[in-house]
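Novice: coords please:
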Amino acid sequence: MLVSGGALLLASMAFFAFDLLTFRENLINNTAIQAQIIGSNAVSPLIFNDTKSAQNTLSALRASPHIVYAGIYTPQGKFFAGYWNSQATQPASLPAFDLNKRQLSWFSSGRFSLVQSIVFEGKAAGIVYIQSDLGALYDRLKTYGVILLAIVGSSLGAALALSKLSQQVVSRPILSLADTARFVSREKDFKARAQVTGAHDEVALLADAFNDMLAEIQIRDTALQESEQQFRTLADSIPQLAWMAEPDGTIFWYNRRWYEYTGTSPEQMRGWGWQSVHDPAALPEVLKKWRKTLSAGESFEMIFPLRAADGSFREFLTRAVPVRDSQGRTVRWFGTNTDISEQRRSEEALRQSEKLAATGRLAASIAHEINNPLETVTNLVYLAQKQPANVQRYLTLAEQELDRIAQITKNTLGFYRDSASPSEVKIAEVLEEVLALYARKMQFKKINVRPEYESGLKVVGYPGEMRQIFANLIANAIEALPENGCLTIRASKTHMLDGLDRLDRPGVRITFLDNGSGIAPIHRKKIFEPFYTTKKDVGTGLGLWLTLGLVEKHQGSLRVRSSAQPGRSWTAFSVVLPESPISK
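Specialist: Numbering: from 1, shown residues only. Below you'll find the model as predicted:
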């Protein structure tokens with residue numbers, strides 16, 4: 001009984017407190033609305049300095065008996081017009097007020113005060129200052145006190161009478177129901193049922209509803225167990241290694257294929273035990289990225305080696321996605337490891353095939369480039385033999401042609417004598433070296449080359465692979481250009497976003513723009529796929545695929561834009577490379 005009375009008293013006090021807070025909020029809102037109405041009607045009097053009209057506007061406040069003072073002031077705080085509900089006519093001092101805040105209100109010394117700026121066409125035209133007493137609030141408190149005493153007195157009397165009747169009828173069945181609920185929660189035994197009395201009262205209905213709920217949970221639990229078993233059977237049959245983890249990254253389940261490949265046991269893999277089958281050299285980077293993924297709640301994708309049961313390592317593509325609840329919170333992670341070792345070997349074989357094809361094409365181009373100066377040297381030697389008087393001039397010219405042959409050979413060796421580690425690459429120098437290799441072919445087609453390089457452009461990478469990237473793109477442009485075509489090569493500084501951290505890194509953009517025949521939209525979607533070519537019997541379809549792989553190896557990007565519209569066709573390949581790639 002005491003508990004019921006105390007609860008009722010607290011509930012009543014909470015209700016009254018909420019109502020008082022609501023009344024206080026309404027007082028602020030209503031006063032603000034009155035100030036806004038006064039401000040709207042006072043704009044014209046303030047603009048035309050009509051004090052009388054402003055006074056008439058304020059006189060409407062007589063209908064609000066609790067407002068003791070209202071005043072209109074200029075934006076500079078000077079009194080303009082006022083209203084008093086008493087004999088006092090002395091204007092109140094306007095408190096410090098920032099016009100940009102639009103409104104300020106406070107309770108102090110038994111009064112409520114509100115200051116609001118008058119805005120006209122986006123500018124402050126004046127200020128409204130209203131003071132109200134708290135008489136209505138005090139009247140409400142007195143009423144609440146009387147109501148509270150009446151409610152508490154009558155409720156305690158009724159509670160005393162009802163508590164004796166309800167103890168036997170309600171308390172015992174409910175306690176039995178609570179015991180059943182605790183048992184089900186503790187044992188997870190959804191077959192248990194609450195005892196139902198013979199009476200058809202509310203408690204019996206509650207027990208029936210509780211038993212129906214348990215029956216429904218039992219059905220769903222059985223279905224969930226069957227579904228989980230089906231999932232495990234499916235997961236055990238796929239060729240990938242599969243696993244599930246808690247929101248904090250602790251892995252609690254692996255499929256059978258994982259244990260077969262790694263030769264480990266569930267006890268060894270519990271928690272973060274998976275680290276034992278990782279390559280120690282790659283593990284720190286894996287942990288760093290995995291922890292960042294857990295923190296960001298984003299998908300995870302990375303390639304790294306895993307140790308097999310025989311001790312060998314194979315490359316795996318690992319992907320993990322978050323499983324979220326209805327509120328978007330991560331409740332677990334599901335991941336797979338796909339063996340890509342064979343795929344890597346196949347891709348490497350394709351790259352080697354394309355390199356051999358590129359070597360053949362380059363050899364033909366170099367033979368053509370060297371043949372012309374060799375013919376010139378032969379002619380100069382012949383002339384020197386026939387005209388001994390001019391032998392010195394002919395030998396000097398021959399020496400110049402031989403220097404040209406040496407330069408072509410030097411540039412060619414740069415493609416295949418690459419350094420074992422990245423080094424500084426000057427973009428302009430590499431572009432000029434590649435252009436020099438194709439100079440004769442461009443002269444033959446009368447192609448106009450327009451180099452537009454910013455000064456001092458450098459990146460860290462493999463010089464030979466850089467030359468191969470640029471050579472492939474320049475060679476494709478030359479093949480696409482007609483006679484008297486134009487090839488523009490632009491190189492400039494840029495910025496690029498990187499990976500999960502979204503780092504803004506400095507980089508270099510190199511664009512190859514030609515006014516050739518263009519690439520149709522149907523081909524643009526596939527030109528970076530291996531073996532896809534538009535050159536029929538001429539191309540292998542591996543050039544752009546290999547170029548894209550080399551660009552991505554340098555953590556860059558390769559994009560293409562083109563138009564095949566007759567008379568206005570063009571193609572632009574854009575390579576973006578970071579100045580200094582992130583070490584992996």
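
Novice: got the contact list for Ile238?
Specialist: Ile238 is in contact with Asn255, Arg257, Thr336, counting by Cβ atoms under 8 Å, 6 or more residues apart in numbering. (Glycine included, C-beta is placed from N, CA and C.)

Novice: Please report how far the second one lies from Thr250.
Specialist: Using Cβ to Cβ, to the nearest Å, we find Arg257 at a distance of 20 Å from Thr250.

Novice: Between these two, which has more neighbouring residues?
Specialist: More crowded of Arg257 and Thr250, by other Cβ atoms under 10 Å: Arg257, with 19 against 12.

Novice: Who is the residue nearest to the more buried one when sequence neighbours are not counted paired with across the strands?
Specialist: Excluding its sequence neighbours, the residue lying closest to Arg257 (Cβ to Cβ, 6 or more residues apart in numbering) is Leu241, at 5.4 Å. On the basis of DSSP bridges, Leu241 is bridged to Asn337.

Novice: What number of residues are in the vicinity of Leu241?
Specialist: So Leu241, with other Cβ under 10 Å, has 23 neighbours.

Novice: Make sure it is actually in contact with Thr336.
Specialist: Yes: the pair Leu241 / Thr336 is scored as a contact, 6.7 Å apart, by Cβ atoms under 8 Å.

Novice: who's in contact with the residue nearest to Arg257?
Specialist: Tyr254, Asn255, Arg257, Trp258, Tyr261, Leu306, Phe316, Thr336, Asn337, Thr338.

Novice: So Val575: helix, strand or coil?
Specialist: Assigned by DSSP: H, G, I helix; E, B strand; the rest coil, the conformation of Val575 is strand.

Novice: Just to check, it is in contact with Val551?
Specialist: Yes: between Val575 and Val551 there is a contact under Cβ under 8 Å: 5.9 Å.

Novice: Looking at those two, which is more packed in?
Specialist: Set Val575 next to Val551 and count neighbours by other Cβ under 10 Å: Val575 wins out with 25 against 20.

Novice: and that one, how far is that from Ala384?
Specialist: For Val575, the distance to Ala384 - Cβ to Cβ - is 47 Å.

Novice: circling back to that earlier point, which neighbours do Val575 and Val551 share?
Specialist: With Cβ under 8 Å, 6+ apart as the test, Val575 and Val551 both reach Ile469, Ser557, Leu558.

Novice: now whichever strand or helix holds the first one: mean pLDDT?
Specialist: Following DSSP states H and E, the helix or strand that holds Ile469 is helix 463-480. For helix 463-480, the mean per-residue pLDDT is 87.

Novice: Show me which residues of it are buried.
Specialist: Neighbour counts using 16 or more other Cβ atoms under 10 Å place 463-478, 480 of helix 463-480 among the buried residues.

Novice: and what of stretch 44-52?
Specialist: For stretch 44-52, by 16+ other Cβ under 10 Å, it's Pro45, Leu46, Asp50.

Novice: And for stretch 82-100?
Specialist: Gly82, Tyr83, Trp84, Asn85, Pro91, Ala92, Leu94, Phe97.

Novice: so how far is it off the chain centroid?
Specialist: How far stretch 82-100 lies from its chain's middle: 53 Å, per Cα atoms, centre = their mean, to the nearest Å.

Novice: And the contacts of that stretch?
Specialist: Contacts for stretch 82-100 (Cβ under 8 Å, 6+ apart): 55, 58-59, 61-62, 65, 67-73, 75, 77, 79, 104, 113, 115, 117, 124, 127, 129, 131.

Novice: Tell me which of the residues you listed fall in strands.
Specialist: 67-73, 79, 104, 113, 115, 117, 124, 127, 129, 131 (DSSP state E).

Novice: What segments of the stretch 51-200 of the chain are helices?
Specialist: With DSSP state H, counting those that start in this stretch as the criterion, the stretch 51-200 of the chain has helices at 51-59, 135-166, 172-187.

Novice: Pipe the ones you listed into a markdown table and attach mean pLDDT and distance to Lys526 per row.
Specialist: Formatted as a markdown table, the helices of the stretch 51-200 of the chain follow (pLDDT from 0 to 100; distance: least, Cβ to Cβ, whole Å):
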| stretch | mean pLDDT | distance to Lys526 |
| --- | --- | --- |
| helix 51-59 | 84 | 75 |
| helix 135-166 | 75 | 76 |
| helix 172-187 | 76 | 59 |
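
Novice: got JSON lines for the ones you listed, with distance to Pro530 too?
Specialist: As requested, those are exported to JSON lines (distance: least, Cβ to Cβ, whole Å):
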{"stretch": "helix 51-59", "distance to Pro530": "82"}
{"stretch": "helix 135-166", "distance to Pro530": "81"}
{"stretch": "helix 172-187", "distance to Pro530": "59"}
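
Novice: most packed of these?
Specialist: Mean neighbour counts were compared across these using mean count of other Cβ atoms under 10 Å; the top stretch is helix 51-59, at a mean of 16.

Novice: Tell me the helices and strands packed up against it.
Specialist: Packing contacts for helix 51-59, counted by 3 or more Cβ pairs under 8 Å, 6 or more residues apart in numbering; DSSP states H and E, involve helix 2-48, strand 67-73, strand 79-84.

Novice: Ile370: which of these is closest?
Specialist: Proximity to Ile370 (Cβ to Cβ) singles out helix 2-48 among the helices and strands packed on helix 51-59, at 88.8 Å.

Novice: by contact count, what packs against that closest one?
Specialist: helix 51-59, strand 67-73, strand 79-84, strand 103-108, strand 111-120, strand 123-133, helix 135-166.

Novice: Show the average pLDDT along it.
Specialist: For helix 2-48, mean pLDDT is 79.
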